[in-house]
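*Asks:* just a sequence and a predicted model for now, questions to come.
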Amino acid sequence: MFARLQSVTRSPLWPRWLPQLLPSSCVLCGQTDRNALCQPCRQQHFTLRPRRCVQCAMPIPTTAKEIRCGDCLKYKPAFDATVVVADYAAPADQLVLALKFGARLPLAPLMADMLAQAAAHDADLGLKLPTLLTAVPLGKLRLQERGFNQSLEIARPLSRLLNIPLQPLLVRLRDTQAQSTLPNEERRRNISRAFVVPTHAMNYVRGAHIGVIDDVITTGETLNEIAATLKRFGARRVTNIVFARTVSK
């Protein structure tokens, strides 16, 4: 599986000018390097793959008999699986913050590359990869303020790496409060009915296994609402593909 992904990165679809846009030093250690993240930092911080709940990607004990955590068994989410690279903690959070709030757009292909490796790893363990990808949409005001959608910036190169088409399948109906600013009990109400599948995308959604791309999953309320929306419009399966996972709720 991973060999196929590697061949995609060497194909004409992968922009040959991309290395010229990447920083000249490692974003974590600052050492001079032609990559956004030097190989020693990548090896040290992003190769460990703890056992995770297949549905929400929360870490679970290696001795656990179930493949899902207790919360997913008790309160079954609308999404079916989640792929992540790392926990949302140092140093992975530095990459997310630098992209999201520092506009370090060259980090998006790096994060996509690590997500492709994580997806290949999970596929080797039996995960079914999606047949179609979409990015979590931003509201109009948030998009105007930021100037870009960090989830879409990750999704574009990831689509090429996985050789899975990317489509805008969702519209955010209103600008919601940032989930990170709200208590857990208010997050579900904040995001409820915030998304819809527009008419032109309905035929793509019906019967499809859709991968939803985002930068961080915290409580999972946003991704749960998206999965529920996609399934109301006929999606067969929804897999989250997210760079980092907050481990404390």
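*Replies:* The structure has been received and is ready for your questions.
*Asks:* so which bits of the longest helix along the chain are buried?
*Replies:* The longest helix of the chain (DSSP state H) is helix 107-124. By 16 or more other CB atoms under 10 Å, the buried positions in helix 107-124 come out as 107-120, 122-123. The C-beta positions use only the backbone N, C-alpha and C, and glycine is treated the same way.
*Asks:* and the helix or strand where residue 82 lies, which strands flank it?
*Replies:* Assigned by DSSP states H and E, residue 82 belongs to strand 81-87. Using DSSP bridges, the strands paired with strand 81-87 are strand 237-245 (parallel).
*Asks:* in the sheet, who's paired with residue 135?
*Replies:* The residues that residue 135 bridges to, once DSSP bridges is applied, are residue 213.
*Asks:* who's in contact with the longest helix of the chain?
*Replies:* Helix 107-124 is contacted by residues 1-2, 5, 9, 18, 22, 27, 35-37, 42, 46, 49, 81, 83-85, 95, 98-99, 127, 129, 150, 153-158, 161-162, 213, 215, 241-243 when judged by CB atoms under 8 Å, 6 or more residues apart in numbering.
*Asks:* again, only using 6 Å
*Replies:* Outside helix 107-124, the residues that touch it by CB atoms under 6 Å, 6 or more residues apart in numbering are 1-2, 5, 36-37, 46, 83, 85, 95, 98-99, 129, 153-154, 157-158, 161-162, 241, 243.
*Asks:* any quick ChimeraX command for the buried ones out of these?
*Replies:* For the buried members of the contacts of helix 107-124, the matching ChimeraX selection, counting by 16+ other CB under 10 Å, is:
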select :5,36,37,46,83,85,95,98,99,129,153,154,157,158,161,162,241,243
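*Asks:* among the contacts of helix 107-124, which are located in helices?
*Replies:* Per DSSP H, these map to helices at 2, 5, 95, 98, 99, 153, 154, 157, 158, 161, 162.
*Asks:* how long is stretch 121-137 from one end to the other?
*Replies:* Counting by CA to CA, to the nearest Å, you get 27 Å between the two ends of stretch 121-137.
*Asks:* and the angle from the longest helix of the chain to strand 81-87?
*Replies:* Between helix 107-124 and strand 81-87, the angle comes out at 120 degrees (axes from the mean of the first three to the mean of the last three CA atoms, to 10 degrees).
*Asks:* what about the strand holding residue 82, average pLDDT?
*Replies:* The average of the pLDDT scores along strand 81-87 is 97.
*Asks:* you'd agree residue 214 is up against residue 241?
*Replies:* No - using CB atoms under 6 Å as the test, residue 214 is too far from residue 241 to be in contact (7.8 Å).
*Asks:* what do those two both touch?
*Replies:* Here residue 214 and residue 241 share no contacting residue, scored by CB under 6 Å, 6+ apart.
*Asks:* can you say which helix or strand has residue 144 in it?
*Replies:* Assigned by DSSP H and E, residue 144 belongs to helix 140-146.
*Asks:* and the contacts of that helix?
*Replies:* Residues from elsewhere that reach helix 140-146 (CB under 6 Å, 6+ apart): residue 175.
*Asks:* same question for that helix: list its buried residues.
*Replies:* For helix 140-146, using 16+ other CB under 10 Å, no residue counts as buried.
*Asks:* switch to numbering from 48
*Replies:* Yep, numbering from 48; the last one is helix 187-193 now.
*Asks:* what distance separates it from the centre of its chain?
*Replies:* Centroid separation for helix 187-193 versus its chain: 20 Å, with CA atoms, centre = their mean, to the nearest Å.
*Asks:* pLDDT and distance to residue 104 added to the ones in helices among the contacts of helix 154-171, as JSON lines?
*Replies:* Listed next are the ones in helices among the contacts of helix 154-171 as JSON lines, based on pLDDT from 0 to 100; distance: CB to CB, whole Å:
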{"residue": "49", "pLDDT": "43", "distance to residue 104": "19"}
{"residue": "52", "pLDDT": "44", "distance to residue 104": "20"}
{"residue": "142", "pLDDT": "95", "distance to residue 104": "17"}
{"residue": "145", "pLDDT": "93", "distance to residue 104": "22"}
{"residue": "146", "pLDDT": "95", "distance to residue 104": "20"}
{"residue": "200", "pLDDT": "98", "distance to residue 104": "21"}
{"residue": "201", "pLDDT": "98", "distance to residue 104": "16"}
{"residue": "204", "pLDDT": "98", "distance to residue 104": "21"}
{"residue": "205", "pLDDT": "98", "distance to residue 104": "16"}
{"residue": "208", "pLDDT": "98", "distance to residue 104": "19"}
{"residue": "209", "pLDDT": "97", "distance to residue 104": "18"}
